[in-house]
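Engineer: Compute the structure for the input listed below.
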Amino acid sequence: MKSLLLTTNRVTSRRSGCLPICSRGRVLWRKLIETYQLPSVLDLKVASSLREQFVGRRGTALRVDASRVERLGGLCLQILIAARTAWAEDRQDFMLDDVSSELTAVLGTFGLTPLALNYREE
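Structural biologist: Next up, the predicted model:
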């Protein structure tokens, strides 16, 4: 099935955070999902910049690529949890994706799984 992307400002402004796609004569709306790549080390040194990265992306659906994460400190975990909560309050998708085995293990020591940090608006 081929789809035609509409890019006029008038059409894209009808739904915030969505992209119109024409398919078989109908306009379908797809959420725009931004991707943010987490750094390999999430410790006290990057906590402030991590918070700023999330604050700057608030209000849009976000896919967080965690494939490179090797270490996670408690403060950055709190920032991830706070970001997930903020996205849930905004009713926007927040998805931790491609989670490294190191991050999965560290989350386990905190009693969490990667799924606990995901929020998907139904």
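Engineer: Quick check: longest helix in this protein by residues?
Structural biologist: Looking across the chain with DSSP state H, the single longest helix is helix 74-89.
Engineer: Send me that one as PDB with only the CA atoms.
Structural biologist: Output of helix 74-89 as PDB, limited to C-alpha atoms (Å, rounded to 0.1, in the frame of the first residue of the first chain):
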ATOM      1  CA  GLY A  74      20.200   6.700  41.300                       C
ATOM      2  CA  LEU A  75      19.800  10.300  40.400                       C
ATOM      3  CA  CYS A  76      19.500   9.600  36.600                       C
ATOM      4  CA  LEU A  77      17.000   6.800  37.400                       C
ATOM      5  CA  GLN A  78      14.900   9.400  39.300                       C
ATOM      6  CA  ILE A  79      15.100  11.600  36.200                       C
ATOM      7  CA  LEU A  80      13.900   8.800  34.000                       C
ATOM      8  CA  ILE A  81      11.000   8.000  36.400                       C
ATOM      9  CA  ALA A  82      10.100  11.700  36.600                       C
ATOM     10  CA  ALA A  83      10.200  11.900  32.800                       C
ATOM     11  CA  ARG A  84       7.900   8.900  32.400                       C
ATOM     12  CA  THR A  85       5.500  10.500  34.900                       C
ATOM     13  CA  ALA A  86       5.500  13.800  33.100                       C
ATOM     14  CA  TRP A  87       4.800  12.100  29.700                       C
ATOM     15  CA  ALA A  88       2.000  10.100  31.300                       C
ATOM     16  CA  GLU A  89       0.500  13.400  32.700                       C
END
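Engineer: what's the helix or strand just after it packed up against?
Structural biologist: Along the chain past helix 74-89, the next helix or strand (assigned with DSSP states H and E) turns out to be strand 94-97. When contacts are defined as 3 or more CB pairs under 8 Å, 6 or more residues apart in numbering; DSSP states H and E, strand 94-97 packs onto strand 61-65, helix 74-89. For glycine as for every other residue, the C-beta is placed from the backbone atoms N, C-alpha and C.
Engineer: winner for burial among those?
Structural biologist: Among the helices and strands packed on strand 94-97, ranked by average contacts under mean count of other CB atoms under 10 Å, first place goes to strand 61-65 (a mean of 20).
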